[in-house]
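Trainee: fold the following for me, if possible:
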Amino acid sequence: MTTIYKNNCTFVGREDERVNMLKSHYYEGLIEAGCDEAGRGCLAGSVYAAAVILPPDYENGLLNDSKQLSERRRYQLREMIERDAISWAVGVVTPEEIDHINILNASILAMHRALDGLSVRPEAVIVDGNRFKPYGTLPWTTIVKGDGKYLSIAAASILAKTYRDDYMNGLAEQYPQYDWHSNKGYPTKRHREAIKTFGPTPLHRRSYNLLGDTQLSLEFE
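Mentor: Prediction:
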């Protein structure tokens, strides 16, 4: 898999409504890309990550950690981010790749793929969380809860989340019994009951504990 969404947009304005102003940058004077992932804890589906470069001194008081926003607000902000960003891209790692290299490595690989898709090469990278691997020779910093502290990471969290939600909603049409429209692949009771009843799909992560405490009763073909 390679990066599947990207753009070459330039900054065209700023959001005037100020609610929760996050920091505009971590590295002084460098072109900085913020990265975040979505779907790491899911039982099914690919993991998505986004990389976003925002203009210097960009302001948008609505941007925040995607988990703190309503679905409607996330999609509103996705339009703003895609309009305003200097560059953005989304990277994907499949369930098969996740099973092969583990979810931590897959999440980092998805972020690397997103960075690969940027039309403007960053000079530094900031990442939500506490784990990352070097991307070329660029300086990088991990920031715990960075999606609630830095605009570019918050923007990346929104893109990763909404594009992954779109992907899972599409898959839900093919596999309605797993309730992916609601749970997006996360380990809800209804999701696990469906796995026990119908078995795993080709999109389930076989390296995960799909049934929780009853994992040993699950048979794979």
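Trainee: and the helix ranked longest in the chain, what does it pack against?
Mentor: For the chain, the longest helix by residue count, based on DSSP state H, is helix 151-174. Packed against helix 151-174, as judged by 3 or more CB pairs under 8 Å, 6 or more residues apart in numbering; DSSP states H and E, are the following elements: strand 32-38, strand 47-53, helix 71-84, strand 87-93, strand 124-128, helix 180-183. Backbone N, C-alpha and C define where each C-beta goes, glycine included.
Trainee: now the angle from the first one to strand 87-93?
Mentor: Same thing as strand 32-38. Strand 32-38 runs at 30 degrees relative to strand 87-93, counting by axes from the mean of the first three to the mean of the last three CA atoms, to 10 degrees.
Trainee: who does strand 32-38 pair up with?
Mentor: strand 47-53 (antiparallel), strand 124-128 (parallel) (DSSP bridges).
Trainee: distance from it to the middle of the chain?
Mentor: Relative to its chain's centre, strand 32-38 lies at 8 Å (CA atoms, centre = their mean, to the nearest Å).
Trainee: could you list the buried residues of the longest helix of the chain?
Mentor: Under the neighbour-count criterion of 16 or more other CB atoms under 10 Å, helix 151-174 has 151-165, 167-168, 171-172 buried.
Trainee: what residues are up against I143?
Mentor: I143 is in contact with Y26, I126, V127, D128, G129, K149, Y150, I153, counting by CB atoms under 8 Å, 6 or more residues apart in numbering.
Trainee: give me the nearest residue to the fifth one, chain neighbours excluded.
Mentor: Right, G129. Closest residue in space to G129, ignoring its immediate chain neighbours: T142 at 5.7 Å, by CB to CB, 6 or more residues apart in numbering.
Trainee: related to what we said a few turns ago, the longest helix of the chain to strand 124-128, inter-axis angle?
Mentor: Going by the same axes, to 10 degrees, helix 151-174 makes 60 degrees with strand 124-128.
Trainee: show the average pLDDT along helix 151-174.
Mentor: Mean pLDDT, helix 151-174: 97.
Trainee: now it against helix 71-84, angle please.
Mentor: Counting by the same axes, to 10 degrees, helix 151-174 lies at 120 degrees to helix 71-84.
Trainee: I'd like the average pLDDT over stretch 213-220.
Mentor: 48.
Trainee: and if you look at stretch 61-73?
Mentor: On average, stretch 61-73 scores 92.
Trainee: give me the contacts around that stretch.
Mentor: The contact list for stretch 61-73 (CB under 8 Å, 6+ apart) reads 15, 17-22, 38, 74, 76-77, 80-81, 145, 147-148, 151, 154-155, 157-158, 160-162, 165.
Trainee: let's go with 10 Å and repeat that
Mentor: The contact list for stretch 61-73, computed with CB atoms under 10 Å, 6 or more residues apart in numbering, reads 14-22, 36, 38, 54, 74-78, 80-81, 128, 145-162, 165.
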